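Asker: one predicted model, sequence on top.
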Amino acid sequence: MLEVELWVQRFGDELKLLNYAERSVASYTLEVRRFLRFLEKQGLSQISGMTRQHLYAYRNYLSSALHRGRKLKAGS
């Protein structure tokens, strides 16, 4: 199990230490949570086990699920 909420909390805390705006912290932690949940569904149990294939799979997920199959642009 990835302990998603623990990693999200740590990430948010780091952003706050770096003086990120509250809205940015909320937005970034939401996206990290979404990514970590995806990894969990892929059967990943530790962050250290993440591979390039997981990143490709997530990119494809974003393209198909969130952008209706359209290619992602650099700013996406």
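Answerer: On my side now, so go ahead. Numbering: from 1, shown residues only.
Asker: need the contact partners of the helix or strand hosting His54.
Answerer: Using DSSP states H and E, His54 maps to helix 52-61. Residues from elsewhere that reach helix 52-61 (C-beta atoms under 8 Å, 6 or more residues apart in numbering): Phe35, Phe38, Leu39, Gln42, Leu44, Leu72. C-beta here means a position set from N, CA and C on the backbone, and glycine is covered the same way.
Asker: also stretch 11-28?
Answerer: So stretch 11-28 is contacted by Thr29, Val32 (C-beta under 8 Å, 6+ apart).
Asker: if we can go back for a sec, buried set for the helix holding His54?
Answerer: Residues His54, Tyr58 are the ones in helix 52-61 that count as buried (16 or more other C-beta atoms under 10 Å).
Asker: do the same with stretch 10-26
Answerer: Phe11, Gly12, Leu15, Val25.
Asker: from those, which ones fall inside helices?
Answerer: Phe11, Gly12, Leu15, Val25 (DSSP state H).
Asker: a markdown table for those residues, including distance to Arg52?
Answerer: A markdown table is the format used below for these (distance: C-beta to C-beta, whole Å):
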| residue | distance to Arg52 |
| --- | --- |
| Phe11 | 21 |
| Gly12 | 26 |
| Leu15 | 25 |
| Val25 | 28 |
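Asker: distance of the most far-flung residue of the chain relative to its centre relative to Val32?
Answerer: For the chain, the largest distance from the centre (C-alpha atoms, centre = their mean) belongs to Asn19, which lies 20.5 Å off. From Asn19 across to Val32, the span is 18 Å (C-beta to C-beta, to the nearest Å).
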